[in-house]
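Asks: dropping the sequence and predicted coords here.
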Amino acid sequence: MEEIKEEQATGKLVTEIGRQAREASRKLMGFGPAQKNKILLSIADALDAQRKSIRSENLIDLEEGREKGLNEALIDRLDLNDKRLDAMIQGVRDIADLPDPVGRILKSWKKENGLEFRKTSVPIGVIGMIYESRPNVTADAGALCLKASNTIILRGGSEALRSNRAIADAMIEGGRASGLPDHALQLIPVRSREAVQKLITMDEYVDVIIPRGGEGLIRAVTENATVPVLKHYKGVCHVYVDGEADREKALSIIENAKCQRPGVCNAAETLLVDQSIATKWLPKAARLLESKGVELRGCDQSREIVPGMKQATEEDWSTEYLDLILSVKVVDGIDEAIQHINRYGSGHSDTAVTENREHQDVFGRMVDSAAVYINASTRFTDGAEFGMGAEIGISTGRLHARGPVALEELTTYKYVVTGQGQIKE
């Protein structure tokens, strides 16, 4: 009985948050670029002024996370050190500097009857953001949504509740001082799973849900939501080393893609090597990666070339490790590499290392992923690296956004039609 009462109380709380967000979205819709930028800069100042209290709450989350046995990849995502706090605050300021995505004329034309048509960018409305670990997402997502004139409901992971609350409180305080409407940014303050279930089924108040986290979270949200979902399942990213690759370049790229920060979605999880160079190049790559602490799991041919390599299973080819683990497969040229990527990949980010222009073109056209690279690390799939400013996530679907979800992807459009009294006959 107590559980039912708690569930009902949570449902009422989230429903009220949704209602308030909808009301605030109608106010925010009328804000111009200068007013929104003033709010964002005020938010950045408030985050900077309260950085000590934010860090203090983050340290408590980190301590509790270690006590609960969170792995090092999750602890790394949770940690808001000084460098990340600086980047988070600067990210809000950078968003203020970006062109306003709302009110752009995407297309215009005039019909013979004199009607003038304008396809115009407008805010989506109310965004529901569900995410795990990374507390900096609170600031990134909040600032991006406000810049695009959307209100946002944030529901972070329980492991980061204190950090998220401290960031959200600072943003609300700073924004309110410059005219941010009440309830334009809200954080669901409870750990209850019922809060997520309610949020993803509030069609009357929420226009889109953006989940960001592990595959289990994404699937649970997608399978249970009645609100449209802009999803990012996982990042099974590949590095393909072609027979005509610059071999030193290939070593540098796979080291960066796998080792720089293995616990993120744009880190490489599978290395594909053309059999024409595998015998000579793969042992060098293995030594380099193993020196960085990477565990290699290979196909039969890979293990013949590097005998100490563990056996890869069928499951390995589609696994997002988020750790210093890499699956390795020797392939018979670029066609087999593309087939493997399209079968086992997640549509996130994949790269080919090759100096062959024809192979570059084929890889770019035929790999079905949101971001396809030639001679560059997959680690660049990020809103800031794409020149978009901060991003709210990486979409691996096709509708309505793909790849980094930044300001333009947080808008939709409507048609404004101007006449001089025309009527349809």
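Replies: Thanks, I have the structure now.

Asks: which ones are touching Asp368?
Replies: Counting by C-beta atoms under 8 Å, 6 or more residues apart in numbering, Asp368 touches Asn342, Gly345, Gly347. Bear in mind the C-beta positions are built from the backbone N, C-alpha and C, glycine included.

Asks: one more time with 7 Å
Replies: Listed by C-beta atoms under 7 Å, 6 or more residues apart in numbering, the contact partners of Asp368 are Asn342, Gly347.

Asks: and the pLDDT at it?
Replies: pLDDT, Asp368: 95.

Asks: how close does it sit to His348?
Replies: 11 Å (C-beta to C-beta, to the nearest Å).

Asks: show me the shaky parts of the chain.
Replies: Within the chain, the stretches with pLDDT under 70 are 1-7.

Asks: buried ones in the longest helix along the chain, by neighbour count?
Replies: Criterion DSSP state H: the longest helix present in the chain is helix 2-28. Using 16 or more other C-beta atoms under 10 Å as the test for burial, helix 2-28 gives 7, 10-11, 13-14, 17-18, 20-25, 27-28.

Asks: for the helix or strand just after that helix, packing partners?
Replies: For helix 2-28, the following helix or strand on the C-terminal side (DSSP states H and E) is helix 33-49. For helix 33-49, the packing partners by 3 or more C-beta pairs under 7 Å, 6 or more residues apart in numbering; DSSP states H and E come out as helix 82-97, helix 136-147, helix 161-177.

Asks: which of those sits most buried?
Replies: Highest mean neighbour count among these (mean count of other C-beta atoms under 10 Å): helix 136-147, with a mean of 28.

Asks: contacting residues for the nearest residue in space to Gln260 that is not next to it in sequence?
Replies: Excluding the flanking residues, the one nearest Gln260 by C-beta to C-beta, 6 or more residues apart in numbering is Arg379, at 5.9 Å. By C-beta under 7 Å, 6+ apart, the residues touching Arg379 are Asn256, Ala257, Gln260, Asn266, Ala267.

Asks: equivalent analysis for Arg55, please.
Replies: So Arg55 contacts Leu80, Leu85 (C-beta under 7 Å, 6+ apart).

Asks: distance of it from Arg84?
Replies: Taking C-beta to C-beta, one finds Arg55 at 10 Å from Arg84.

Asks: what about Asn81, neighbour count?
Replies: 12 (other C-beta atoms under 10 Å).

Asks: gap between it and His400?
Replies: Distance from Asn81 to His400, by C-beta to C-beta: 35 Å.

Asks: now do Gly383
Replies: Here the criterion is C-beta to C-beta. By it, Gly383 lies 16 Å from His400.

Asks: out of these two, which sits in the busier spot?
Replies: A direct count of neighbours by other C-beta under 10 Å for Gly383 and His400 places Gly383 higher, at 23 against 14.

Asks: check contacts around the residue lying closest to the more buried one once chain neighbours are set aside.
Replies: Nearest residue to Gly383, sequence neighbours excluded (C-beta to C-beta, 6+ apart): Glu391, at 2.6 Å. Applying C-beta under 7 Å, 6+ apart to Glu391 gives the contacts Asp382, Gly383, Pro404, Val405, Ala406.

Asks: would TSV of those residues with secondary structure be doable?
Replies: Formatted as TSV, the contacts of Glu391 follow (DSSP: H, G, I helix; E, B strand; the rest coil):
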residue	secondary structure
Asp382	coil
Gly383	coil
Pro404	strand
Val405	coil
Ala406	coil
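
Asks: and which of these is nearest to Ile209?
Replies: Ranked by distance to Ile209 (C-beta to C-beta), the contacts of Glu391 are led by Val405 at 12.3 Å.

Asks: now do the contacts for Ala257.
Replies: Taking C-beta under 7 Å, 6+ apart, one finds Val239, Ala267, Ala268, Ser377, Thr378, Arg379 in contact with Ala257.

Asks: any idea how far it lies from His238?
Replies: Counting by C-beta to C-beta - Ala257 and His238 are separated by 9 Å.

Asks: anything in contact with each of those two?
Replies: With C-beta under 7 Å, 6+ apart, Ala257 and His238 have common neighbours Ala268.

Asks: show me the beta-bridge partners of Cys237.
Replies: Cys237 has these beta-bridge partners by DSSP bridges: Ala268.

Asks: now stretch 171-190, how far from the centre of its chain.
Replies: 23 Å (C-alpha atoms, centre = their mean, to the nearest Å).

Asks: wait, I meant stretch 339-351
Replies: 17 Å.

Asks: put the alpha carbons of it into CSV.
Replies: Extracted as CSV, the C-alpha positions of stretch 339-351 are listed here (Å, rounded to 0.1, in the frame of the first residue of the first chain):
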residue,chain,number,x,y,z
GLN,A,339,29.4,-5.4,-44.5
HIS,A,340,30.7,-6.1,-41.0
ILE,A,341,30.1,-2.5,-39.9
ASN,A,342,26.6,-2.3,-41.3
ARG,A,343,25.7,-5.7,-39.7
TYR,A,344,27.2,-5.2,-36.2
GLY,A,345,27.6,-1.5,-35.8
SER,A,346,25.2,0.8,-34.1
GLY,A,347,25.0,3.6,-36.7
HIS,A,348,27.1,5.9,-34.5
SER,A,349,30.7,6.6,-35.8
ASP,A,350,33.1,4.6,-38.0
THR,A,351,36.3,5.4,-39.7
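
Asks: which of the residues in that stretch are buried?
Replies: His340, Ile341, Tyr344, Gly345, Ser346, Gly347, His348, Ser349, Asp350, Thr351.

Asks: what's the answer for stretch 211-230, then?
Replies: Neighbour count says stretch 211-230 has 211-215, 217-218, 220-221, 225, 227, 229-230 buried, by 16+ other C-beta under 10 Å.

Asks: so which residues make contact with that stretch?
Replies: Taking C-beta under 7 Å, 6+ apart as the rule, stretch 211-230 contacts 128, 130-132, 137, 157, 197, 200-203, 206, 208-210, 231-234, 320, 393, 395, 401, 405.
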